[in-house]
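> pasting the sequence and the predicted coordinates here, then a few questions.
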Amino acid sequence: MATTDRVLESRKAARPDDTVIHYSISGPAEGPAVVLIHGWACNRTDFDGVTGFLPGEYRVIAVDLAEHGESRSARDRWTMEEFARDVAEVLDVEAVADCVVVGHSLGGAVAVELGRLRPGTVRHIVALDALHYLFLFGALDEEQAEGLLRPLHADFAGLVRDMVEAGSPPGTDPALKDAHFRKMAAVRQPAGTKAFEGLVAWDMEGALTDVKQPITVFGVRELVTQEALDRLGNRIDVVLVDLGSHHFPVESPEATAALITGVVSA
């Protein structure tokens with residue numbers, strides 16, 4: 001797959017609580033729309049490589065969630081639904097009537113919420129190595145949630161390092177892991193902490209019950225458990241991939257673009 005000659009235009013959309021959502025847009029206005037949502041403590045530039053390999057006729061929108069990347073907000077609500085409302089505002093500003101929404105990691109949860117929020121606009125949800133991590137996305141009891149949040153408050157950088165390691169199959173290049181860690185550990189606060197708390201509190205089971213669009217998860221083969229396949233298989237199409245670590249959209253942009261293109265063209 002060859003790269004396309006795309007010109008990324010930076011735009012922004014305003015929401016309440018001094019929230020300004022920045023996003024990049026490229027491609028013809030009449031083309032099939034693909035909306036890209038980054039993961040926790042990351043930003044829209046994670047998709048720059050992927051965008052370059054998507055077909056030139058696609059309308060591609062990559063969003064910085066509130067207080068990530070260039071986006072700013074004074075809000076005190078950091079739920080997956082509120083992040084989805086940020087993306088929905090972008091869809092309204094750009095008059096997007098039909099799209100495939102693609103979310104990486106936490107962005108997968110946001111994509112599901114966007115599908116629930118805009119059932120007439122989102123026709124397919126794609127989660128890039130998201131939703132199948134039941135220790136994070138599954139229904140957590142109070143003790144399990146506290147176990148995740150304790151290190152978040154005690155040693156944020158340590159938690160980020162642990163998350164990067166957990167998402168790295170054996171043999172992952174240490175330089176790649178260090179690069180992911182440095183980016184994520186530098187996320188703006190309190191958004192980095194609050195967004196993680198919001199993900200832990202997210203009711204994935206309830207959201208999946210409400211959402212009627214097809215959902216495709218592209219999960220790293222070595223990181224997807226049989227329990228997750230058994231739990232999600234009757235609702236989600238889980239496709240196992242061998243493209244790198246949890247951050248494979250950054251590491252393998254051409255192959256990731258091919259996966260997205262397959263969903264859009266279908």
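That came through fine. Numbering: from 1, shown residues only.

> please settle this for me: is residue 103 part of a strand?
Yes: under DSSP: H, G, I helix; E, B strand; the rest coil, residue 103 sits within a strand.

> I'd assumed residue 131 was in contact with it.
No: taking CB atoms under 8 Å as the definition, residue 103 is not a contact partner of residue 131, at 9.1 Å. (C-beta placed from N, C-alpha, C; glycine too.)

> list residues touching both of these two?
Shared contacts of residue 103 and residue 131 (CB atoms under 8 Å, 6 or more residues apart in numbering): 109, 112.

> and residue 168, which of the three is it?
Under the three-state scheme (three-state DSSP), residue 168 adopts coil.

> not counting sequence-adjacent ones, nearest residue to it?
Ranked by CB to CB, 6 or more residues apart in numbering and with sequence neighbours excluded, the top spatial neighbour of residue 168 is residue 245, at 4.5 Å.

> that neighbour reaches residue 174, doesn't it?
No: applying CB under 8 Å as the test, residue 245 and residue 174 come out as separate, 11.3 Å apart.

> neighbour count: those two, which is higher?
Using other CB atoms under 10 Å, the more surrounded residue of residue 245 and residue 174 is residue 245, with 24 against 8.

> roughly how far apart are the more buried one and residue 148?
20 Å (CB to CB, to the nearest Å).

> go on, residue 165?
15 Å.

> tell me which residue is most central in the chain.
residue 107 (2.1 Å; CA atoms, centre = their mean).

> distance between the one helix or strand that residue maps to and the chain's centre?
Assigned by DSSP states H and E, residue 107 falls within helix 106-117. Centre-to-centre, helix 106-117 and its host chain are 8 Å apart (CA atoms, centre = their mean, to the nearest Å).
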